[in-house]
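# predicted model and sequence follow; I will ask about them next.
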Amino acid sequence: MLRLVTFCALVWHASSATAPVPQQVVQSWDRNACSLVVCGPSERGLPGRDGRDGIQGPKGEQGAQGLQGPRGILGPPGKVGPAGPIGQKGTQGEKGLKGDAGEMGPRGVQGLKGPPGSIGPIGSKGDTGPQGERGVKGEIGLKGATGAQGPQGKTGAPGPKGDRGPVGEKGAKGDVGAKGLQGATGPQGSVGKTGPPGPKGEKGSLGEKGTKGDSGLSEVNLMKRQVAALEGQLKALQASFSKYQKVATFPGGRIVGNKVFVTSGYEGNFDDLKQRCQQAGGQLASPRNAAENTAIHEIVVLYKKSVFLGITDIQTEGRFKYLNGEAIVYSNWQAGEPNNDKRQENCVELYSNGKWNDKSCGEKRLILCEF
């Protein structure tokens, strides 16, 4: 290998000392060795042994630029340089002029009304509150002083007997009086056997004509007035007796002033109870003051059942009236009542604590009539 290199060097020096001649490549060996070039005959002869005597040939022309090689692989990024100093804050610019107000836009179309919300569920009815303690009975007031008796008037002298006046015309028939309360029906007696008809009696003889008596029209009229007054007193006594008789029949009854409250223990709806009280000559209990309400309350506690009162707002919602159409003059409502729950509560019941509550008339309650 060393010999081949030396030979190639010699050949190169020899060729540079002579004029350029056409070269012809005869053969080439390994890529790492030089090519063997056979030159034509030289004018000056062969080069010396070491080529120091040869003449340097002219510089060859610059060859054409070769094709651009492929792009190299991108190198790694350089290190980040140090941050520059923070710049100074610039001066604030002048405030611009206020712009003109824009024109008002057209009014938007009104939106459609939304559907009404659904009615929420009705809450459950609260439990009945505990019965309050019974109040202490008030003391009886002092009896008022009896007023002084007035002086008795003097008896006047009897007047002279007047002349007999003419007989007056018969007066018109008076109006029929109000029907009194029906008395209690007594027990029916046993039917007796029908007796045989008696014989027809003979006609009696005509008696002597009596003497004509004095006219007694003034006495008769006086008697009539007295009889009418007695009849009125008798009716009042009969009505009072009927009340007390009803109380005696029902041990749970109560008397307050001129009213009597009784019950038979029967239960029914409002219309049924109202009809039964009317058939008995009374009406459903309708308290008009605290004393009457207390009497009804005592009966409710005794029987442990609520009662319907003779009070409704059937005609006008929210305006409670007695059965005769008069507005109520006394009330004792439970807190939060009346509330017309489910819009079906038009009657009034009395609780075990003496308070009132509006209730559906179809419910069943204890009958309590007043007379």
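Good, I have the coordinates.
# would you map the strands across the stretch 201-350 of the chain?
254-256, 259-262, 267-268, 283-284, 307-312, 321-322, 347-350 (DSSP state E, counting those that start in this stretch).
# quick one, which of these is nearest to Gly336?
strand 347-350 (14.6 Å; Cβ to Cβ). Just so you know, the C-beta spots here come from the backbone N, C-alpha and C atoms, and that holds for glycine as well.
# so what strands line up beside the closest one?
strand 307-312 (antiparallel), strand 356-359 (antiparallel) (DSSP bridges).
# re the thing from before, in a markdown table: the strands of the stretch 201-350 of the chain, plus mean pLDDT, mean neighbour count and distance to Leu234.
Converted to a markdown table, those look like this (pLDDT from 0 to 100; neighbours: other Cβ atoms under 10 Å; distance: least, Cβ to Cβ, whole Å):
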| stretch | mean pLDDT | mean neighbour count | distance to Leu234 |
| --- | --- | --- | --- |
| strand 254-256 | 84 | 18 | 21 |
| strand 259-262 | 90 | 22 | 20 |
| strand 267-268 | 96 | 16 | 35 |
| strand 283-284 | 96 | 20 | 24 |
| strand 307-312 | 96 | 24 | 29 |
| strand 321-322 | 96 | 17 | 30 |
| strand 347-350 | 96 | 25 | 36 |
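# what's the closest of the ones you listed to Pro121?
strand 347-350 (24.7 Å).
# how about CSV for the strands of the stretch 201-350 of the chain, with distance to Lys274 added?
As requested, those are exported to CSV (distance: least, Cβ to Cβ, whole Å):
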stretch, distance to Lys274
strand 254-256, 20
strand 259-262, 15
strand 267-268, 9
strand 283-284, 5
strand 307-312, 7
strand 321-322, 12
strand 347-350, 10
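# of all these, which lies closest to Ile86?
Of all the strands of the stretch 201-350 of the chain, strand 347-350 sits nearest to Ile86, with 88.2 Å by Cβ to Cβ.
# residues in contact with the closest one?
Here strand 347-350 makes contact (Cβ atoms under 8 Å, 6 or more residues apart in numbering) with 270, 293, 296-297, 300, 306-309, 311-312, 320, 338, 356-361, 363, 365.
# give me the buried subset of those.
Among the contacts of strand 347-350, those scoring as buried are 270, 293, 296-297, 300, 306-309, 311-312, 320, 338, 356-359, 361, 365 (criterion: 16 or more other Cβ atoms under 10 Å).
# in PDB, list the C-alpha atoms belonging to stretch 350-359.
Taking C-alpha atoms only, stretch 350-359 is exported to PDB below (Å, rounded to 0.1, in the frame of the first residue of the first chain):
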ATOM      1  CA  LEU A 350    -118.300  24.000  68.900                       C
ATOM      2  CA  TYR A 351    -115.200  22.200  70.100                       C
ATOM      3  CA  SER A 352    -114.600  20.500  73.500                       C
ATOM      4  CA  ASN A 353    -112.700  23.700  74.500                       C
ATOM      5  CA  GLY A 354    -115.700  25.900  73.800                       C
ATOM      6  CA  LYS A 355    -114.200  27.500  70.600                       C
ATOM      7  CA  TRP A 356    -115.900  27.600  67.200                       C
ATOM      8  CA  ASN A 357    -114.700  26.200  63.900                       C
ATOM      9  CA  ASP A 358    -116.200  26.300  60.400                       C
ATOM     10  CA  LYS A 359    -117.000  22.800  59.200                       C
END
